[in-house]
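Engineer: no sequence on hand, only this structure:
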């Protein structure tokens, strides 16, 4: 009997978590839900259970019209917060369509009736962007576990062949990596860690990892890794390594039009300083890795939108790409 009483209390709490001011639940409705779950209760016991929950610290309000019953005001998530999470899940390309639907169904259980309706009707899943690779979630689980246990992780790694198919990188070489971070960047998950053959950080696409296993070896101490020897910030690391391509750090000066200021801030952060120029453009300096990722990003804008002022090495690389484009599309 005592066990059933505790179970009933948990059920009532679960029922109240799905309520709000617009969707209260009364005693008769609670009794009906409990009965559907195989529990028979007396009407008076519901009031006692709600009093216990209030004493425990839950904010349960009685409606002005008592027949309407009760509602809770301290749900874990507001409906709009769940909507934002649902949109992030629906847009995640590393999730399969089935995994996306499963996660959205779990989120919907945390919402109020109105919120649940909004989530189910207003969350769009585009099957075309979803992966059919079901191993990503297992890789993420392995990486998180390895980071938590401070153990190295072993895996083989795929790359794309000329025809677009997957092939093993380095003929199926087994990588031994000390994992430090699992990050979401540029719409993908990346493992950031250290290979035992180098003293610097490197990163891997989580969806290209296969045969992942956690080693018995501890990760290398951070003091042995070049990037960690100074004031390291994972946020700075992600901003500098544009599109997750590495290279030597450099200061890049640019003239940007008002039309792309938002793009520059989105890429390099809110703390940039923009110096207004007489022609309406802004001069801005950013710190980034001088490599393929940065060049691709810079080339994504027209010269009337963005012009590299320095350093000369980046200007030369931009000019070389522009000349190659002219040759490719001329005649």
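Structural biologist: That came through fine. Model, not experiment: these values are computed from the prediction. Residues are numbered from 1 along each chain as shown.

Engineer: hang on, residue 284 packs against residue 275?
Structural biologist: Yes: with contact defined as CB atoms under 8 Å, residue 284 and residue 275 form a contacting pair (7.2 Å). For the C-beta atoms, the positions are set from N, CA and C on the backbone; glycine is no exception.

Engineer: low-confidence bits of the stretch 1-150 of the chain, can you list those?
Structural biologist: Within the stretch 1-150 of the chain, the set of residues satisfying pLDDT under 70 comprises 1-5.

Engineer: hang on, the earlier thing: for residue 284 and residue 275, indicate the residue with more neighbours.
Structural biologist: Neighbour count, other CB atoms under 10 Å: between residue 284 and residue 275, residue 284 has more, with 20 against 11.

Engineer: list the beta-bridge partners for that one.
Structural biologist: residue 254, residue 274 (DSSP bridges).

Engineer: any idea how far it is from residue 265?
Structural biologist: 9 Å (CB to CB, to the nearest Å).

Engineer: what touches both of these two?
Structural biologist: Listed as contacting both residue 284 and residue 265 by CB atoms under 8 Å, 6 or more residues apart in numbering are residue 272.

Engineer: and the residue nearest to residue 132 when sequence neighbours are not counted, how many residues sit next to it?
Structural biologist: Of all residues not flanking residue 132 in the chain, residue 96 sits nearest, at 6.3 Å (CB to CB, 6 or more residues apart in numbering). Per other CB under 10 Å, the neighbour tally for residue 96 reads 16.

Engineer: wait, residue 96 touches residue 129, no?
Structural biologist: No: if you go by CB under 8 Å, residue 96 and residue 129 don't touch, sitting 11.1 Å apart.

Engineer: quick one: the strands in the chain?
Structural biologist: Along the chain, the stretches classed as strands by DSSP state E are 60-62, 70-72, 151-160, 166-168, 175-185, 188-195, 201-205, 209-218, 249-256, 274-276, 282-289, 306-310.

Engineer: of these, which is nearest residue 241?
Structural biologist: Among the strands of the chain, strand 282-289 comes nearest to residue 241, with 4.9 Å by CB to CB.

Engineer: and the end-to-end length of stretch 284-302?
Structural biologist: End-to-end span of stretch 284-302 (CA to CA, to the nearest Å): 17 Å.

Engineer: then stretch 268-286?
Structural biologist: Stretch 268-286: ends 7 Å apart by CA to CA.

Engineer: in it, which residues are buried?
Structural biologist: Buried residues in stretch 268-286, counted by 16 or more other CB atoms under 10 Å: 268, 281, 282, 284, 286.

Engineer: what's near enough to touch residue 272?
Structural biologist: Per CB under 8 Å, 6+ apart, neighbours of residue 272: 264, 265, 284, 285, 286.

Engineer: rewinding a little: now the buried residues of stretch 268-286 in JSON lines, with distance to residue 209 and pLDDT?
Structural biologist: Output for the buried residues of stretch 268-286, formatted as JSON lines (distance: CB to CB, whole Å; pLDDT from 0 to 100):
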{"residue": "268", "distance to residue 209": "28", "pLDDT": "90"}
{"residue": "281", "distance to residue 209": "43", "pLDDT": "94"}
{"residue": "282", "distance to residue 209": "41", "pLDDT": "95"}
{"residue": "284", "distance to residue 209": "36", "pLDDT": "95"}
{"residue": "286", "distance to residue 209": "31", "pLDDT": "93"}
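
Engineer: identify each buried residue in stretch 13-32, please.
Structural biologist: Those would be 13, 15-20, 24-27, 30-31, for stretch 13-32 by 16+ other CB under 10 Å.

Engineer: and the helices in this protein?
Structural biologist: 2-16, 27-36, 43-56, 79-90, 97-108, 113-122, 136-149, 234-240, 261-268, 292-298, 312-329 (DSSP state H).

Engineer: the third one vs helix 27-36, what angle?
Structural biologist: Calculated by axes from the mean of the first three to the mean of the last three CA atoms, to 10 degrees, helix 43-56 forms an angle of 100 degrees with helix 27-36.

Engineer: residues making contact with helix 43-56?
Structural biologist: Contacts of helix 43-56 (CB under 8 Å, 6+ apart): 8, 9, 12, 13, 16, 27, 30, 31, 60, 70.
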